[in-house]
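Colleague: Fold the following and give me the result.
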Amino acid sequence: MTTADTVSTRVNIALLGVRSDAPVRRTGGAGPSDDGHFLIGGEGAAIPLNPDSPYVIRSGRLTLDGADLGLDVQPVRRPAFYDLQTADGISYEKIAKLHGRDILATTVVQTCVRYDESERCRFCAIQASLESGATIAVKTPAMLAEVAEAAVRLDGIRQMVMTTGTSNGRDRGAKHLARCVRAVKAAVPDLQIQVQCEPPADLQAITDLYEAGARSIGIHVESMDDEVRRRWMPGKSTVSMDEYRAAWREAVRVFGYNQVSTYLLVGLGEDPDEFVEGARELIEMGVYPFVVPFRPLKGTLATDVDHVPAPDRRLLHDVTTRVAELLTAAGMRSEDQKAGCAACGACGVLKTAGA
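Modeller: Below is the predicted model:
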């Protein structure tokens, strides 16, 4: 299978999903979810589990209508640390999740001040996993250090992602993130950590996160178009694009070129040419635009109220390949990031496209 064929297939299964069991999966939450975790040709892939998908995994191969597509696909094994619990009986799996092959991920605060329906990001279900009992509201630094140490020792975890719901404070959750990073680095000094938060009102918080031990950062805007932001993210859109740009520039200064990233979601109604131009602006700042498709997820307003479908495959293929070309021309590669969503690449197709 050629690279172009592989990219096309990855686009298709990112939207249509696969029919398969997946021992490691995630349902509900802030980001791409309702996915099973697989290795496709050895690379991590987070793929929707869809019983109606025409794509089926059989005997470790991806098939379409019974035809072998030439791709080795293996489900990620359930990690050993999932079988452990804290002294007070909290399952490690409720504290942090395995993502992909070797990435530990956690939402350190599972609530968000913007979760009221009038303000909530319409693609987000951050509190759904809390309401279902799949996680706990606040992960303490000590808890995360305990789980991270076990995950590294038992399952070979190599990097960790820490995100947070937005708080009322000027730091927007960065202070608790910094405390958690510091504790984890004390327990497992070699673990690479990405942090994710909204632009803090006081940009000193970005330096504080770096000094705590984080080595990459995600400041996620989802769209560079203000009209799209107001429609999809009514609360979050009150943080202006000027604030985002200031935070990205400061983050690049502190963390370095290509150690800062932001999600860009395909399928929110943004003009594709403007989408790509927004990605170009980010790349010129030294920020990696992590392009992923909007996915209809249960528990989100976009799915349960608006009934928004996934984007057309041609749109996802077009903008992904164009952004990949820009990233390649800039010498900006996902594999050069020390940790995080863009470094993993499982939720998108940019890595498959060579970026």
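Colleague: OK, contacts around Arg313?
Modeller: Residues in contact with Arg313 (CB atoms under 8 Å, 6 or more residues apart in numbering) are Val11, Asn12, Leu15. The C-beta positions use only the backbone N, C-alpha and C, and glycine is treated the same way.
Colleague: Kindly report the same for Gln159.
Modeller: Asp102, Ile103, Leu104, Leu191, Gln192, Ile193, Gln194, Lys338, Ala339, Gly340, Ala343, Cys344.
Colleague: what do you get if the cut-off is 6 Å, keeping everything else the same?
Modeller: By CB atoms under 6 Å, 6 or more residues apart in numbering, the contact list for Gln159 reads Ile103, Gln192, Ala339.
Colleague: Out of those residues, which end up buried?
Modeller: With neighbours counted by 16 or more other CB atoms under 10 Å, the contacts of Gln159 contain buried members at Ile103, Gln192, Ala339.
Colleague: Looking at these, which one is closest to Glu227?
Modeller: Of all the buried ones among the contacts of Gln159, Ala339 has the smallest distance to Glu227: 32.9 Å, by CB to CB.
Colleague: Pretty sure that closest one sits in a helix.
Modeller: No. With DSSP: H, G, I helix; E, B strand; the rest coil as the criterion, Ala339 is coil rather than part of a helix.
Colleague: For it, give its distance to Thr166.
Modeller: For Ala339, the distance to Thr166 (CB to CB, to the nearest Å) stands at 21 Å.
Colleague: same thing with Cys124?
Modeller: Using CB to CB, Cys124 is found at 11 Å from Thr166.
Colleague: Could you check which of the two has the larger neighbour count?
Modeller: It is Cys124, of Cys124 and Thr166, that has more neighbours when counted by other CB atoms under 10 Å, with 25 against 20.
Colleague: And for the closest residue to Ser8 other than its chain neighbours, the neighbour number?
Modeller: Closest residue in space to Ser8, ignoring its immediate chain neighbours: His317 at 6.5 Å, by CB to CB, 6 or more residues apart in numbering. By the criterion of other CB under 10 Å, His317 has 22 neighbours.
Colleague: With Leu265 as the reference, measure out to His317.
Modeller: Counting by CB to CB, the separation of His317 from Leu265 is 15 Å.
Colleague: now do Gly235
Modeller: As judged by CB to CB, Gly235 and Leu265 stand 16 Å apart.
Colleague: neighbour-wise, which of those two wins?
Modeller: Counted by other CB under 10 Å, Gly235 and Leu265 do not tie: Leu265 has more neighbours, with 23 against 16.
Colleague: average pLDDT for the strand or helix carrying the more buried one?
Modeller: Secondary-structure element containing Leu265, defined by DSSP states H and E: strand 260-266. Mean per-residue pLDDT for strand 260-266: 98.
Colleague: same question, stretch 271-291
Modeller: The average pLDDT for stretch 271-291 rounds to 98.
Colleague: just checking, next helix/strand downstream of the helix or strand of the chain with the lowest mean pLDDT?
Modeller: Across the helices and strands of the chain, mean pLDDT, DSSP states H and E gives its lowest value to strand 25-26, namely a mean of 77. Per DSSP H and E, the first helix or strand lying C-terminal to strand 25-26 is strand 35-40.
Colleague: got the contact list for that next one?
Modeller: 22, 24-26, 45-49, 71, 73-76, 100-101.
Colleague: And the residues you listed, which is the shakiest by pLDDT?
Modeller: Among these, Arg26 has the weakest pLDDT, 74.
Colleague: and it, how many neighbours does it have?
Modeller: Arg26 has 20 neighbouring residues, counting by other CB under 10 Å.
Colleague: could you check the distance from it over to Leu64?
Modeller: From Arg26 across to Leu64, the span is 25 Å (CB to CB).
Colleague: follow-up on the earlier one: can you spell out which helices and strands pack onto the strand holding Leu265?
Modeller: Packing contacts for strand 260-266, counted by 3 or more CB pairs under 6 Å, 6 or more residues apart in numbering; DSSP states H and E, involve strand 287-293.
Colleague: Would you mind writing the CA trace of the helix or strand just after the strand it packs on as PDB?
Modeller: For strand 287-293, the following helix or strand on the C-terminal side (DSSP H and E) is helix 301-304. Taking Å, rounded to 0.1, in the frame of the first residue of the first chain, the C-alpha atoms of helix 301-304 are listed here in PDB:
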ATOM      1  CA  LEU A 301     -24.300  19.200  22.800                       C
ATOM      2  CA  ALA A 302     -23.200  18.800  19.100                       C
ATOM      3  CA  THR A 303     -24.400  15.200  19.100                       C
ATOM      4  CA  ASP A 304     -27.300  15.100  21.500                       C
END
